[in-house]
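# Fold the following for me, if possible:
(one chain, ligands or ions: 2)
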Amino acid sequence: MPLFPQRESYDVVIVGSGAGGGMAAKVLTESGAKVLVLEAGVPWNNYTDSAMLEWPYDSPRRGASTHQRQFGEFDAGIGGFSLDGEPYTHASGEDFLWFRTRMVGGRTNHWGRISLRFGPYDFQHKNIDGFGDNWPITYDDVKPYYDKVDRLIGLFGSEENLPNEPNGIFLPPPKPRCYELLIKQAADRLNITCIPSRLSIITRNFNGRPACHYCAQCNRGCKTNSNFTSTNVLLPLADRTGNLTLKTGCMVREVTIDKQGRATGVSYVDKETGRDEHVKGSIVMLAASSCESARILLNSKSAMFPDGLANSSGVVGKYLTDTTGTDVMGFIPKLMDGIPHNEDGVGGMHLYMPWWLDNKKLDFPRGYHIEIWGGRGLPSYGAMNGLQRFPDGGGYGTKMKADARRYYGSTVGFSGRGEMIPNENSYCEIDPHTVDQWGIPVLRFHWKWSDHELNQVKHMQETFRSIIHEMGGTPFGDMPSKEDGYGISAGGQIIHELGTTRMGDDPKTSVLNSYNQAHDVKNLFVVDGGPFVSQADKNPTWTILALSMRASEYAIQQRKQGAL
Ligand SMILES: Cc1cc2nc3c(=O)[nH]c(=O)nc-3n(C[C@H](O)[C@H](O)[C@H](O)COP(=O)(O)OP(=O)(O)OC[C@H]3O[C@@H](n4cnc5c(N)ncnc54)[C@H](O)[C@@H]3O)c2cc1C
Ligand code: SF4
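Ligands and ions are numbered 1, 2, ... in the order given. Okay, here's the model as predicted:
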């Protein structure tokens with residue numbers, strides 16, 4: 001009796017329905033392939049499940065987070081940095097936070113929608129400063145796919161013609177709000193580039209979806225489908241072909257192979273019955289998020305692949321990176337006692353600051369961008385706590401209420417998001433001593449920031465404080481010390497983990513070729529953040545989408561040519 005009885009067969013089995021999986025499903029089903037998407041999480045649909053139109057006081061906890069909703073009870077994200085029954089570990093004394101969502105659409109249900117293209121330098125940065133590695137592809141290879149993603153999904157922005165911040169095919173950006181105008185004035189005086197942000201929110205009716213109505217509740221899921229989620233934008237396009245089967249509650253354990261070492265499908269745990277199942281696929285595409293796809297490969301051991309599937313290089317799990325991050329918030333007296341007015345907008349910033357300096361003149365090699373926040377959004381649990389930080393603020397009763405009104409909307413904040421260079425101390429591997437609730441071995445993380453990142457974050461802190469001072473304000477809290485890492489986030493905390501199955505031309509130093517296809521197993525692809533060779537100072541999802549589209553089109557072409 002075989003361990004995993006063969007039940008069904010598909011042209012392509014995709015693991016995970018987030019950014020990478022949703023795009024692959026869309027492209028492959030439209031080509032006529034019969035596609036199965038296996039998703040570990042629960043069903044979700046923004047039209048029916050979103051709390052976009054609820055008042056915070058409709059929540060028993062006024063919107064505060066719960067263990068299942070770690071960004072707030074009305075947030076559209078089911079999951080968080082810890083999941084019941086699904087542990088991960090880290091090496092002694094080291095820290096790494098792993099954010100996982102367990103729902104259809106993955107983390108695209110509650111991401112920030114910041115949709116930046118990588119620039120020409122980002123693909124070949126080693127040529128500029130000698131650090132890390134170059135990608136086996138250039139911006140010109142990916143540009144046609146960025147263009148197609150823009151035309152398919154839609155985003156707003158402005159054409160700025162900046163050297164390493166390529167223009168996209170943009171819808172008009174929303175106007176800056178009052179506090180954003182003040183930030184821009186200060187940034188201009190300090191010669192910091194400050195431009196309209198680039199978010200995948202449609203500001204005009206687009207491809208049958210209505211324009212955003214500026215309710216600022218994107219994180220709860222958009223009931224009008226005016227922002228990007230894999231859930232409501234990509235998967236419905238795949239579904240309407242009639243070629244998609246989506247199964248939820250399926251936790252994939254490993255990729256199975258035949259005697260020739262070709263992938264035959266995947267085995268998974270049906271979370272409802274607890275039974276092990278197997279499904280056959282002519283092609284397997286992993287899109288379970290970069291660390292989870294590495295985990296599946298490392299757990300797919302056999303006599304032919306004793307160190308895990310597609311891992312003859314020993315590189316699976318290595319080159320793990322996350323975006324660097326630190327935040328500073330400040331009080332701006334000019335903004336207090338403001339006239340109450342509607343400061344809603346899109347669910348996110350209307351302006352941002354791309355990297356504007358030359359690293360050759362600095363003590364760190366790679367840049368960062370600045371995300372800004374502030375204003376008078378819909379208050380939720382915890383709004384205006386810490387009133388004692390404002391001049392003469394706090395106390396009790398009537399004074400406390402008056403102070404809350406007085407100071408509401410008088411703060412601004414800055415979050416730096418920078419490029420980390422992969423290092424040999426940061427990686428994930430299988431923990432030989434720990435399994436999850438289904439007996440699947442879990443990941444153990446190793447993590448260390450280098451001086452490149454620490455010096456970069458120091459620069460962020462100094463810059464954010466100088467902008468706040470330029471606005472006539474006062475930062476909350478002192479500049480963190482070197483011993484405190486200048487306030488650098490923990491590894492994984494910015495939720496841009498990448499690089500665990502990196503692409504390259506040399507099978508000895510990379511897992512995948514330049515089309516996301518495993519060097520060792522031709523009918524196996526990885527289409528999440530794992531294939532990234534470097535982080536860039538940009539958020540990664542627009543590039544995940546473009547590369548997943550490119551890999552899927554390549555797989556179709558290879559199939560037509562009989563090579564797959
Ligand atoms: C709060 C937040 C804000 C963010 N903001 C931004 C932003 O502004 N811009 C940006 O570019 N990026 C942002 N990100 C990151 C972005 O969400 C991810 O880069 C992107 O979703 C990754 O896509 P993915 O396909 O690799 O994985 P995911 O979207 O995480 O999808 C993976 C899917 O696989 C499923 N899965 C996992 N393991 C298994 C298994 N073993 N078997 C079956 N299914 C499995 C999961 O349940 C999940 O649905 C943000 C993320 C968060 C959480
Ligand atoms: S701000 Fe716009 S995109 Fe976001 S939830 Fe509201 S309508 Fe939808």
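# Give the full set of residues in contact with the closest residue to residue 216 other than its chain neighbours.
Of all residues not flanking residue 216 in the chain, residue 344 sits nearest, at 4.1 Å (Cβ to Cβ, 6 or more residues apart in numbering). The C-beta positions use only the backbone N, C-alpha and C, and glycine is treated the same way. Taking Cβ atoms under 8 Å, 6 or more residues apart in numbering, we find residue 344 in contact with 214-216, 377-378.
# hmm, which of the residues you listed are the buried ones?
Buried by 16 or more other Cβ atoms under 10 Å: 215-216, 377, out of those.
# ranges for the helices of the stretch 51-200 of the chain?
120-123, 125-129, 139-153, 178-189 (DSSP state H, counting those that start in this stretch).
# I'd like to know which of those helices lies nearest to residue 479.
helix 178-189 (18.3 Å; Cβ to Cβ).
# Going along the chain, name the strands of the stretch 101-250 of the chain.
Listed in chain order, the strands of the stretch 101-250 of the chain (DSSP state E, counting those that start in this stretch) span 195-196, 244-247, 250-257.
# Would you convert the helices of the stretch 51-200 of the chain into a markdown table that also reports distance to ligand 2?
Output for the helices of the stretch 51-200 of the chain, formatted as a markdown table (distance: least, Cβ to the nearest ligand atom, whole Å):
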| stretch | distance to ligand 2 |
| --- | --- |
| helix 120-123 | 28 |
| helix 125-129 | 33 |
| helix 139-153 | 12 |
| helix 178-189 | 16 |
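# Of those helices, which is nearest residue 313?
Nearest of the helices of the stretch 51-200 of the chain to residue 313, taken as Cβ to Cβ: helix 125-129 at 18.4 Å.
# re earlier: most tightly packed of the strands of the stretch 101-250 of the chain?
strand 250-257 (a mean of 23; mean count of other Cβ atoms under 10 Å).
# same for it, what does it pack against?
strand 263-270, strand 276-286, helix 290-299 (3 or more Cβ pairs under 8 Å, 6 or more residues apart in numbering; DSSP states H and E).
# same thing but 7 Å
strand 263-270, helix 290-299 (3 or more Cβ pairs under 7 Å, 6 or more residues apart in numbering; DSSP states H and E).
# Does the last one reach ligand 1?
Yes: counting by Cβ under 6 Å from any ligand atom, ligand 1 is contacted by helix 290-299 at 292, 296.
# List of residues touching that helix?
15, 98, 252-255, 286, 288, 308-311, 316-317, 428-430, 440-441, 443, 497-501, 526, 528-530 (Cβ atoms under 7 Å, 6 or more residues apart in numbering).
# Those in helices, which ones?
Taking DSSP state H, every one of those sits outside helices.
# hang on, the earlier thing: the residue nearest to residue 216 is in what secondary structure piece?
When elements are assigned from DSSP states H and E, residue 344 belongs to no helix and no strand.
# Can you list phi and psi of it for me?
phi -70, psi 170 (degrees, to the nearest 10).
# So, low pLDDT: which residues of this protein?
Scanning the chain with the threshold set as pLDDT under 70 gives 1-7.
# Can you tell me how far the most centrally placed residue in it is from residue 539?
For the chain, residue 496 is the residue whose C-alpha lies nearest the centre (Cα atoms, centre = their mean; 4.9 Å). Here residue 496 is placed at a distance of 6 Å from residue 539 (Cβ to Cβ, to the nearest Å).
# Can you show me the helices along the stretch 351-500 of the chain?
397-407, 451-470.
# how about the residues of the protein near ligand 1?
So the chain meets ligand 1 at 15-21, 38-41, 99, 101-102, 106-108, 110-114, 250-252, 287-289, 292, 296, 495-496, 528-529, 539-541, 544 (Cβ under 6 Å from any ligand atom).
# give me the subset of those residues touching ligand 2.
Of the residues of the chain next to ligand 1, not one also sits near ligand 2 (Cβ under 6 Å from any ligand atom).
# Quick one, which of those residues are buried?
By neighbour count, with 16+ other Cβ under 10 Å, the residues of the chain next to ligand 1 hold 15-21, 38-41, 99, 101-102, 106-108, 110-114, 250-252, 287-289, 292, 296, 495-496, 528-529, 539-541, 544 as buried.
# re the thing from before, could you check how far the residue nearest to residue 216 is from ligand 1?
19 Å (Cβ to the nearest ligand atom, to the nearest Å).
# Same check on residue 265?
From residue 265 to ligand 1 the distance is 13 Å (Cβ to the nearest ligand atom).
# Also residue 304?
Using Cβ to the nearest ligand atom, one gets 22 Å for the distance from residue 304 to ligand 1.
# Just give me the neighbour total for that residue.
14 (other Cβ atoms under 10 Å).
# isn't it right next to residue 260, touching?
No: look at residue 304 against residue 260 with Cβ atoms under 7 Å: they stay out of range, at 9.0 Å.
# picking that back up, nearest to residue 133 among the buried ones among the contacts of residue 344?
Once Cβ to Cβ is applied, the member of these that ends up nearest residue 133 is residue 216, at 40.0 Å.
# Let me see the contact set for the closest one.
Neighbours of residue 216 in contact, by Cβ under 7 Å, 6+ apart: 344-347, 377-378.
# Intersect those residues with the contacts of ligand 2.
Answer for these near ligand 2 (Cβ under 6 Å from any ligand atom): 346-347.
# and which of the contacts of residue 216 is nearest ligand 1?
Ligand 1 lies nearest to residue 347 out of the contacts of residue 216, by Cβ to the nearest ligand atom, at 10.5 Å.
# Spatially nearest residue to the closest one, not counting backbone neighbours?
residue 218 (2.5 Å).
# The one you found and residue 522: what is the separation?
40 Å.
# Pick out whichever of the two has more residues nearby.
residue 218 (26 against 16).
# how about that one, what does it touch?
113, 201, 227, 346-348 are the contacts of residue 218 under Cβ under 7 Å, 6+ apart.
# One more: residue 151?
residue 169.
# Distance check, it against residue 550.
15 Å.
# now residue 186
In terms of Cβ to Cβ, residue 186 sits 40 Å off from residue 550.
# These two: who's more crowded?
Each of residue 186 and residue 550 has its neighbours counted (other Cβ under 10 Å); residue 550 has more, 24 against 21.
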